[in-house]
Structure formats: C-alpha cells, structure tokens
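Peer 1: sequence first, predicted model second:
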Amino acid sequence: MPEGHTLHRLAGELTAAFGSRVIASGSPQGRFVGAAMLDDRTLDHAEAWGKHLFVGFVGVAEQVHVHLGLYGSFRFAPGVPMVTGQVRWRLSDGSTTADLRGPTACKALTPDEVAVILDRLGPDPLRGDADRDAFVARVLRSRAAIATLLMDQSVIAGVGNVYRAEVLFRHGIDPLTPGRSLSVLALEAIWADLVLLMREGVRTGRIDTVRPEHEPEAMGRPPRQDDHGGEVYVYRRDGQPCWICGEPVLTRVVGARNLFWCPRCQPSGDGAR
DNA sequence: AACTCATGCGAAT
DNA sequence: TTCGCCTGAGTTT
C-alpha cells in the first residue's frame, strides 16, 4: 500500500522485471485506453517521485503515469495467470505478469503533462536529487501545523499518514506545532530520519519505525503485525499505552486524516525553537 | 455475508 | 468541507 516507499519499490520491481524487454501491454478492464499503444514495445525503465510512478518505453515520448490513490495495487505473478476482476493495466513478458488494480491514475502523459505534475511536487527524501533545504525553507515559511505540512505533497513528496505520525513521535514533536516555530536543526533531523526510514521501507516493503531498544523482543511484548506489516509507535494505536511512557495514544483528524500521537512524549512547545 | 475502514487526492459543493 | 473513486483486509452479523 502506498506511501512513497511503495512507489519507489514498485519502480525498482518494474524495471528489474521488464526493463529493456519487449512487453505485452493491455487493459483487460478497458479503462486504460493507452495500454494497447504500448503493446509489443520495449519498456525502458520506471521511476518514482513521491507517490507518483512513471513508466517509460523505448522510442515513446509519452510516459505512463500511475498514482495508486488509497487502494490501488500493483501485483506481480509468475507466468501469465488468468485475469480475475478489474485489471486496469496488465504488463507481461510471458514469464512475469504485473496487474494494476484500482489506481486513481493510469494514463499515458506527454512530457509537458509530466512536467506539470512534477512542478507540483516538493522534494522526495527517497530521490538522490532531493533538495532538503527547499523542504526546510518551505516549512519555516508556514503557520500550518507540521502534521499538515508533512502530508502536503508540495512541501515534501512521498510522506503519508503513517510516516508523518511516526517521524513526529520519533522526534518528540507536538504534531500541531506551527512549521515556522520549528528549528532548522529539528527540520533537518526530520528530513534525515525520513530518508533513513523510507529507504528501509523500500528495502523491506513495510513501514518499520520502532528503534531497536523498543522492539517487541527487547521489551517483552508480542510483535504487532498490523495490516501495513511493520512495527510502529503510534499509528493506529489510539487508546493503547505508549511503548515508552505508558500514556494512552491519542487520535484526532488533522489535515483531513486521522493523526496519532503521544501527548506525553510529544508535549506542546517541545521541538520548538 | 455484510459492513467498515484505510498508507490518497481531486472534483464538487 | 464533503464526496467519491473502486479495492482488500479486518471486523461484525
């Protein structure tokens, strides 16, 4: 499921499976009209920026733009399985097949159209070309809550609801702290931590944010195995005791999404200048 | 079997 | 601010 790490991982998987190979491309569901135009062409490579995925083909100016939205998924299977249900885009080289279901976006875009999307996106911690200082400057210019800013894809691309809650917990920052009240140092630390956490997410395919000393084994509690697959401090743990201080984790809608935090570990005013 | 909710976001109101 | 997309997993009936 899709925060930025998922898309970067997917880009790697698509490139590894299909890069430089001639691909059968189709839309069994029929809703990706451009799919047929790419049939029997050579896939060049796929790359991600934030939660957006772009797939390029040799000798084709357009790139396929994919956004998974809340419940889109891209799944790989060996061989060429029967199509079941609604498959928006099927890619196959005969030995591997990838099926895309339920995306918000799947469309061939011209270079100009791609540029419009990229222009709206802030720096992506998972990209080598990311501009950390642009992120810091943008946050320092805003009165909005840091929890809202971290979800704003024009401020930082790729962070979603799990990473925002977890990174704020890891830094002991009250989610409602206005961006402009944070220190440069705190923001640089948040960025560095996101680079670390999200790279690990790309590697493992899950979101794990719990430090070694707070792991279940270290603290004598059973592992969690939530539906996102990893160990977390506060995400969806509302009402349960904080792993560190025992205080019940709180939840509240911030930036149109459920935010989770520990009021004792992330006190008001902390993390501020 | 039915229902609820979700790692997202753009369009409509 | 609310709606709705179109899917899957977990929970409730």
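Peer 2: That came through, no problem. On a predicted model such as this, the values are computed, not experimentally measured, just so you know.

Peer 1: just give the nearest non-adjacent residue to A:P263, would you?
Peer 2: Leaving out its chain neighbours, the residue that sits closest to A:P263 by CB to CB, 6 or more residues apart in numbering is A:L250, at 5.7 Å. All C-beta atoms are positioned from the backbone trio N, CA, C, and that covers glycine.

Peer 1: surely the one you found is within a strand?
Peer 2: Yes - looking at A:L250 with DSSP: H, G, I helix; E, B strand; the rest coil, it is inside a strand.

Peer 1: pull the number of nearby residues for it.
Peer 2: 17 (other CB atoms under 10 Å).

Peer 1: ok, it to DNA strand B distance?
Peer 2: Distance of A:L250 to DNA strand B, given as CB to the nearest atom of the strand, to the nearest Å: 14 Å.

Peer 1: give the contact list for that residue.
Peer 2: For A:L250, the contacting residues are A:238, A:260-263, by CB atoms under 8 Å, 6 or more residues apart in numbering.

Peer 1: so what's it bridging to?
Peer 2: For A:L250, the residues forming beta bridges with it (DSSP bridges) are A:W261.

Peer 1: mind checking how far it is from A:I146?
Peer 2: A:L250 sits 16 Å away from A:I146, taking CB to CB, to the nearest Å as the criterion.

Peer 1: please apply the same query to A:G19.
Peer 2: To A:I146, A:G19 is 38 Å away according to CB to CB.

Peer 1: and the residue nearest to A:I244 when sequence neighbours are not counted, backbone torsions?
Peer 2: Spatial nearest neighbour of A:I244, excluding adjacent residues (CB to CB, 6+ apart): A:C265 at 5.6 Å. Dihedral angles of A:C265 (phi, psi; degrees, to the nearest 10) stand at phi -80, psi -20.

Peer 1: A:C265: neighbouring residues, count only.
Peer 2: Using other CB under 10 Å, A:C265 has 22 neighbouring residues.

Peer 1: that one and A:E247 touch, don't they?
Peer 2: Yes - between A:C265 and A:E247 a contact is recorded at 7.4 Å, counting by CB atoms under 8 Å.

Peer 1: how about the closest residue to A:A130 other than its chain neighbours, what does it touch?
Peer 2: Distances taken as CB to CB, 6+ apart place A:P123 nearest to A:A130, at 4.1 Å, with adjacent residues excluded. Residues near A:P123 by CB under 8 Å, 6+ apart: A:130-132, A:134-135, A:156-157.

Peer 1: which of A:G19 and A:I146 has more neighbours?
Peer 2: A direct count of neighbours by other CB under 10 Å for A:G19 and A:I146 places A:I146 higher, at 29 against 15.
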